[in-house]
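K.L.:
below are the sequence and a predicted model for it; my questions follow.
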Amino acid sequence: MKWARFGIAWINLMCVLVVCSLNVHGLKHHNNREVLLILQGIHRKCPRITKLFKLPGKSVMGQTMWGIIMGNTPNKHVPLIPEFKYVSTIHGNEVVGKELLLQLAETMCQESLQGNEFVNNLLETTRIHLVPILNPDGWDKATASNYRDRNIITGRTNFHGIDLNRNFPNMNNAMFQFEKTDNWTNNHLAHFGTMSDKIQPETKAIMKWISSIPFVLSGSLHGGALVANYPYDSSRSGKIDLNTPSRQTTMFSDRLVSLVYANANLKMTNSQCHKRDTLFPNGITNGAEWYSLVGGMQDYNYLATNCFEITFEVGCTKYPNANELDELWKDHKHSLFNFMWMVHIGIKGLVMDIRTNKPIKDAIIHVRKLINNRYNDIWHDITTNKHGDYYRLLTDGTYEIVVGKAGYATNTTVVNVYNDRYNNAQVVNFNLYPAQ
């Protein structure tokens, strides 16, 4: 598979183009105030390609969750420019991802200023959102505790003692029930979700942010293991360790994008942190096969929006000593770049009303893959956003694309997908005729 080899080629390339031991912001753990100062400093250095933003809400203790947008169009969504995000530290004591994202932002800014062709190509074709810390109150609690306690559980939850990665609406049960019917809904299930009566302000802020941007691909950085974890996180049977891939796993890109991250990190590929730990083949796992959880952010992205999220466990130690951070950056920087490029696999395009030439919102994009001379349905549809644009992550192959919207005649076409490294997804536009 050429995308597996892609990781190795990218490593060699990036060691030439990016300073391999770069650590611009200093070798330390940065507190919540320093996170903002670093992001502000990056914006001052690279004002044309960056924009600071904050999630629409605050933590229990009133702290703001800051982020930075990077790209040639940081101030707005532009049709056919996919939206990507990295988030970290939803568990406050899992802190490596926070420092990786700060370093990633510094690196992209600096390399862009120095004319790095591949970084500038990524920024020109992608709108990238980075939120280093989603649980600032938990981080404060973890940091105030001793080394042993914060590397077990102290600071994992928010100030109210709630695990934010178990606090999102549970749509998995509805999805698994729909799968048993002949005519079932397979996307945008937020209104079918079971909401916790203790939903937290941080969770509300994340949900509101996710729903406001048409994200395509996302990575959530955790700690305590080394593995790339793909949906579903919740098992169909309720058992704690039963493999539960999405219905598109064998034909879609969840394993592929996980492998592209893991293959660029030899330690993750051989991802056994401790002798007692599970050994993950190739450094990837289905979430529910590892252990099942309900109310996770990864499955929420997948079932409530068009966004496909992978969870990356990026360090064997949740809260390592500061002198370990430089080595962790070296381990992960190529993987972080690899994964961002994956937002450009498959197809993308515009869906328009042929009479008015206006974009059609919420048109459904259904895909069938040709396997053994037969088209097989991929039972996870995506929809167009308000600009009429869509983004469908697909591996190489031949597909039948079916586009529909109530009040319009269905439009179907066949597309041969060949993913070319470092290039945009193939553009496939659709014009829909009003139904007679």
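P.N.:
Thanks, I have it. Numbers count the residues shown, from 1 in each chain.
K.L.:
what ranges do the strands span in the stretch 301-436 of the chain?
P.N.:
Ranges of strands in the stretch 301-436 of the chain, per DSSP state E, counting those that start in this stretch, are 308-315, 347-353, 364-371, 374-383, 389-392, 397-404, 411-417, 426-427, 430-432.
K.L.:
out of those strands, which is closest to Leu328?
P.N.:
Leu328 sits nearest to strand 308-315 of all those, at 5.9 Å, using C-beta to C-beta. Using the backbone N, CA and C atoms, a C-beta is placed for each residue, glycine as well.
K.L.:
buried stuff in that closest one?
P.N.:
Neighbour counts over strand 308-315 (16 or more other C-beta atoms under 10 Å) mark 308-315 as buried.
K.L.:
wait, isn't Ile187 in contact with Ile378?
P.N.:
If you look again at residue 187, you'll see it is Asn, not Ile. No. Here Asn187 lies out of contact with Ile378, judged by C-beta atoms under 8 Å, at a distance of 11.2 Å.
K.L.:
Glu324 and Val314, how far apart?
P.N.:
Glu324 sits 12 Å away from Val314, going by C-beta to C-beta, to the nearest Å.
K.L.:
surely Ile49 meets Leu113?
P.N.:
No. At 9.3 Å, Ile49 does not count as touching Leu113 under the criterion of C-beta under 8 Å.
K.L.:
and the two? Which one has more around it.
P.N.:
Set Ile49 next to Leu113 and count neighbours by other C-beta atoms under 10 Å: Ile49 wins out with 23 against 14.
K.L.:
please report phi then psi for the more buried one.
P.N.:
Main-chain torsions, Ile49, degrees, to the nearest 10: phi -110, psi 10.
K.L.:
how much space between it and His160?
P.N.:
37 Å.
K.L.:
quick one: the helices in the stretch 251-400 of the chain?
P.N.:
Taking DSSP state H, counting those that start in this stretch, the helices of the stretch 251-400 of the chain run over residues 254-263, 266-269, 287-290, 297-304, 325-341.
K.L.:
any idea how far the third one is from the chain center?
P.N.:
Its chain's C-alpha centre and that of helix 287-290 lie 18 Å apart, by C-alpha atoms, centre = their mean, to the nearest Å.
K.L.:
other residues contacting that helix?
P.N.:
With contact meaning C-beta atoms under 8 Å, 6 or more residues apart in numbering, helix 287-290 is reached by 227, 229-236, 241-244, 278, 280, 293, 296, 298-299, 311.
K.L.:
out of those, which sit inside strands?
P.N.:
If you go by DSSP state E, the contacts of helix 287-290 have 227, 229-230, 311 in strands.
K.L.:
following the helix or strand encompassing Leu36, which helix or strand shows up next?
P.N.:
Using DSSP states H and E, Leu36 falls within helix 32-45. Next helix or strand after helix 32-45 toward the C-terminus (DSSP H and E): strand 50-58.
K.L.:
which residues does Asp137 contact?
P.N.:
59-61, 63, 92, 158-159.
K.L.:
same question, Lys208
P.N.:
Contacts of Lys208 by C-beta under 8 Å, 6+ apart are 55-57.
K.L.:
one step back: put together JSON lines for the strands of the stretch 301-436 of the chain, with distance to Asn135 on each row.
P.N.:
Converted to JSON lines, the strands of the stretch 301-436 of the chain look like this (distance: least, C-beta to C-beta, whole Å):
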{"stretch": "strand 308-315", "distance to Asn135": "15"}
{"stretch": "strand 347-353", "distance to Asn135": "33"}
{"stretch": "strand 364-371", "distance to Asn135": "34"}
{"stretch": "strand 374-383", "distance to Asn135": "29"}
{"stretch": "strand 389-392", "distance to Asn135": "29"}
{"stretch": "strand 397-404", "distance to Asn135": "39"}
{"stretch": "strand 411-417", "distance to Asn135": "38"}
{"stretch": "strand 426-427", "distance to Asn135": "39"}
{"stretch": "strand 430-432", "distance to Asn135": "41"}
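K.L.:
so which of those strands comes closest to Phe337?
P.N.:
Closest to Phe337 of these, according to C-beta to C-beta: strand 308-315, at 13.3 Å.
K.L.:
neighbours around Thr157, how many?
P.N.:
With other C-beta under 10 Å as criterion, Thr157 counts 22.
K.L.:
got it, and Glu99?
P.N.:
Counted with other C-beta under 10 Å, residues neighbouring Glu99 total 29.
K.L.:
so it is in which element?
P.N.:
Per DSSP H and E: helix 96-113 holds Glu99.
K.L.:
report the buried residues of the helix or strand just after that helix.
P.N.:
Using DSSP H and E, the next helix or strand after helix 96-113 towards the C-terminus is helix 117-125. Using 16+ other C-beta under 10 Å as the test for burial, helix 117-125 gives 118-120, 122-123, 125.
K.L.:
how is the chain divided into domains?
P.N.:
What automatic domain parsing lists as the domains of the chain is 2-344, 347-432.
K.L.:
which of those domains sits most buried?
P.N.:
domain 2-344 (a mean of 20; mean count of other C-beta atoms under 10 Å).
K.L.:
quick check: Leu303 touching Met175?
P.N.:
Yes. In this structure Leu303 lies within contact range of Met175 using C-beta under 8 Å: 5.9 Å.
K.L.:
mutual contacts of these two, please.
P.N.:
Leu189.
K.L.:
SS state for the closest residue to Gly155 other than its chain neighbours?
P.N.:
Closest residue to Gly155 in three dimensions, ignoring its sequence neighbours and counting by C-beta to C-beta, 6 or more residues apart in numbering: Ala142, at 2.5 Å. Under DSSP: H, G, I helix; E, B strand; the rest coil, the three-state class of Ala142 is helix.
K.L.:
show the contacting residues for Ala142.
P.N.:
92-93, 95, 150, 154-156, 319.
K.L.:
farthest-apart pair in the residues you listed, please.
P.N.:
Greatest spatial distance in the contacts of Ala142: Val95 and Thr154, 12.2 Å, computed using C-beta to C-beta.
K.L.:
thinking again about what came up before, any idea which of the buried residues of helix 117-125 is least confident?
P.N.:
Among the buried residues of helix 117-125, Phe118 has the lowest pLDDT, at 92.
K.L.:
which SSE is the residue most central in space within the chain in?
P.N.:
For the chain, Ser218 is the residue whose C-alpha lies nearest the centre (C-alpha atoms, centre = their mean; 1.1 Å). Ser218 belongs to strand 215-222 when elements are defined using DSSP H and E.
K.L.:
which intervals of the chain have sub-threshold pLDDT?
P.N.:
By pLDDT under 70, the weakly predicted segments of the chain are 1-26, 182-183, 193, 196, 237-253, 275-277.
K.L.:
could you rerun that using 50?
P.N.:
1-24, 249-251 (pLDDT under 50).
K.L.:
distance of the nearest residue to Arg150 once chain neighbours are set aside relative to Gly161?
P.N.:
Spatial nearest neighbour of Arg150, chain neighbours left out: Ala142 (4.1 Å); criterion: C-beta to C-beta, 6+ apart. Distance of Ala142 to Gly161, computed by C-beta to C-beta: 13 Å.
K.L.:
many thanks, we can stop here.
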